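Trainee: no sequence for this one, just the structure:
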């Protein structure tokens, strides 16, 4: 996926990424090419990012949506980029807004509830702990160093930053390098969120007819009152009411999803009643080991890049004897036919693949059923 750099019009102000002589990255007025100061856009490429430059002022259209985009860099007040920027904030796509684009970022946030300044040192994934210059070497004044830039930086949520002040050459290279690394490190999350965010609002209504199948699947789980159950990749939380029935009023139900918009949709349809909603990566759960008694995962495992990593993490949080139910409201053959492809022998849900994966990660396969109308795999947690 590319990192898209949307550059502002040549006038009236300088482009923060412009390598022209005398530009903001030129320490002595000579500009690029200067071997000491390569084009800042090369920093993104060196981090493994595919870079796509978009120049709306020259007739280059702003991308119509986020699919296929892993990050955004904006260098000026480009109003036509405002809808895309709002989508990026909703999906938590990494955004770096430089110069006048910082004001555009503030406008895209709509209100001040999501806007904050830099937090305590060491808590910001981009600005870091304040070590080293963000301004140019030897600079003084408001933009002279990390603390000055940090104090003026605008942050929206945990994925968007606005830096309205000019950056010095050395600081710019470090900042852009850290942003490129952040974008690359979040690429898998970004792909998930950009897919599901625009679909979240209609998700419950679109798939409400599957509710009886979810209820029947949850009924297979051997849960008891007072226990803790997870709905992983919960989406709009369709399984949460059924899980609540199994664990009773004294139990705990957590709906966990990676996409904020999905949790918003779940709350909108009342799923905070049956349980609590948590934004988290299902392969790095913020839960204490051995505290969960049942895990329900619908339409999730076969979409993860490393299914065994997920199974191992689920085993970590699950108590001995706890239940795992992997579910889909249609069978593998039906889904393959619907998508116009044959069944793949590499499918992680195929019995020859899933059974050894479960055994290797601390689970014992108790039930495997791949019917035209549903897929169910039930396993229980082995002693650690």
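Mentor: Ah, there it is. These figures come from a predicted structure and were not determined experimentally. Numbers count the residues shown, from 1 in each chain.
Trainee: what about the spatially closest residue to residue 164 that is not a sequence neighbour, how many neighbours?
Mentor: Nearest residue to residue 164, sequence neighbours excluded (Cβ to Cβ, 6 or more residues apart in numbering): residue 102, at 4.0 Å. All C-beta atoms are positioned from the backbone trio N, CA, C, and that covers glycine. By other Cβ atoms under 10 Å, the residues close to residue 102 number 21.
Trainee: Please, which helix or strand holds residue 102?
Mentor: Applying DSSP states H and E as the criterion places residue 102 in helix 101-108.
Trainee: So which elements touch that helix?
Mentor: Where contact means 3 or more Cβ pairs under 8 Å, 6 or more residues apart in numbering; DSSP states H and E, helix 101-108 is packed against strand 71-74, helix 82-91, strand 95-98, strand 154-156, strand 160-163.
Trainee: tell me the angle that helix makes with helix 82-91.
Mentor: Inter-element angle recorded for helix 101-108 and helix 82-91: 70 degrees (by axes from the mean of the first three to the mean of the last three Cα atoms, to 10 degrees).
Trainee: Any idea how far helix 101-108 is from the middle of the chain?
Mentor: 21 Å (Cα atoms, centre = their mean, to the nearest Å).
Trainee: got a list of contacts for that helix?
Mentor: Residues outside helix 101-108 that contact it (Cβ atoms under 8 Å, 6 or more residues apart in numbering) are 8, 74-79, 81-82, 85-86, 88-89, 95, 97, 115, 154, 156, 160, 162-164.
Trainee: Same list, the helices and strands packed on helix 101-108, but as a markdown table with mean pLDDT and mean neighbour count please.
Mentor: Converted to a markdown table, those look like this (pLDDT from 0 to 100; neighbours: other Cβ atoms under 10 Å):
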| stretch | mean pLDDT | mean neighbour count |
| --- | --- | --- |
| strand 71-74 | 93 | 28 |
| helix 82-91 | 93 | 20 |
| strand 95-98 | 92 | 28 |
| strand 154-156 | 85 | 21 |
| strand 160-163 | 90 | 25 |
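Trainee: of all those, which lies closest to residue 246?
Mentor: Closest of the helices and strands packed on helix 101-108 to residue 246 is helix 82-91, at 32.8 Å (criterion: Cβ to Cβ).
Trainee: Does anything pack onto that closest one? Which helices or strands?
Mentor: Helix 82-91 packs on strand 71-74, strand 95-98, helix 101-108, helix 187-196, helix 260-268, going by 3+ Cβ pairs under 8 Å, 6+ apart.
Trainee: With distance to residue 245 as added columns, please give these in TSV.
Mentor: Formatted as TSV, the helices and strands packed on helix 82-91 follow (distance: least, Cβ to Cβ, whole Å):
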stretch	distance to residue 245
strand 71-74	42
strand 95-98	42
helix 101-108	42
helix 187-196	27
helix 260-268	17
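Trainee: Of all these, which one comes closest to residue 204?
Mentor: helix 260-268 (6.1 Å).
Trainee: Identify all contacting residues around the helix or strand just after that closest one.
Mentor: Of the helices and strands lying after helix 260-268 in sequence (DSSP H and E), the nearest is strand 276-279. Residues from elsewhere that reach strand 276-279 (Cβ under 8 Å, 6+ apart): 234, 237, 252-258, 260, 263, 266-267, 271, 286.
Trainee: So which residues of the stretch 1-150 of the chain form helices?
Mentor: 40-46, 82-91, 101-108, 146-152 (DSSP state H, counting those that start in this stretch).
Trainee: Could you measure from residue 292 over to residue 211?
Mentor: 23 Å (Cβ to Cβ, to the nearest Å).
Trainee: Neighbour count for the two, which is higher?
Mentor: residue 292 (25 against 15).
Trainee: so the more buried one touches residue 230, yeah?
Mentor: Yes - at 5.8 Å, residue 292 counts as touching residue 230 under the criterion of Cβ atoms under 8 Å.
Trainee: Relative to residue 327, which of the contacts of strand 276-279 is nearest.
Mentor: Nearest member of these to residue 327, counting by Cβ to Cβ, is residue 234, at 12.3 Å.
Trainee: out of everything not next to it in sequence, what's closest to that closest one?
Mentor: In space, residue 234 is closest to residue 255, 3.6 Å off (Cβ to Cβ, 6+ apart).
Trainee: Neighbouring strands of the helix or strand containing that neighbour in the sheet, and parallel or not?
Mentor: In this structure, residue 255 is located in strand 252-257 according to DSSP H and E. Based on DSSP bridges, the pairing partners of strand 252-257 within the sheet are strand 228-232 (parallel), strand 276-279 (parallel).
Trainee: relative orientation of it and helix 260-268 in degrees?
Mentor: Using the same axes, to 10 degrees: strand 252-257 against helix 260-268 is 140 degrees.
Trainee: any idea of the angle strand 252-257 forms with helix 187-196?
Mentor: Strand 252-257 runs at 90 degrees relative to helix 187-196, counting by the same axes, to 10 degrees.
Trainee: And the contacts of strand 252-257?
Mentor: 227-235, 237, 240, 243-244, 247, 263, 266, 271, 274-280, 282, 285.
Trainee: Now restrict the residues you listed to buried residues only.
Mentor: 227-235, 237, 240, 243-244, 247, 263, 266, 271, 274-275, 277, 282, 285 (16 or more other Cβ atoms under 10 Å).
Trainee: List the contacts of the closest residue to residue 363 other than its chain neighbours.
Mentor: Excluding the flanking residues, the one nearest residue 363 by Cβ to Cβ, 6+ apart is residue 379, at 4.0 Å. The contact partners of residue 379, by Cβ under 8 Å, 6+ apart, come to 323-324, 326, 358, 363-367.
Trainee: Just these: which are in strands?
Mentor: 323-324, 326, 363-367 (DSSP state E).
Trainee: and the two most separated of the residues you listed?
Mentor: 326 and 364 (13.6 Å).
Trainee: The two: which has the busier surroundings?
Mentor: residue 326 (27 against 13).
Trainee: Which residue is the nearest non-sequential neighbour of that one?
Mentor: residue 377 (4.2 Å).
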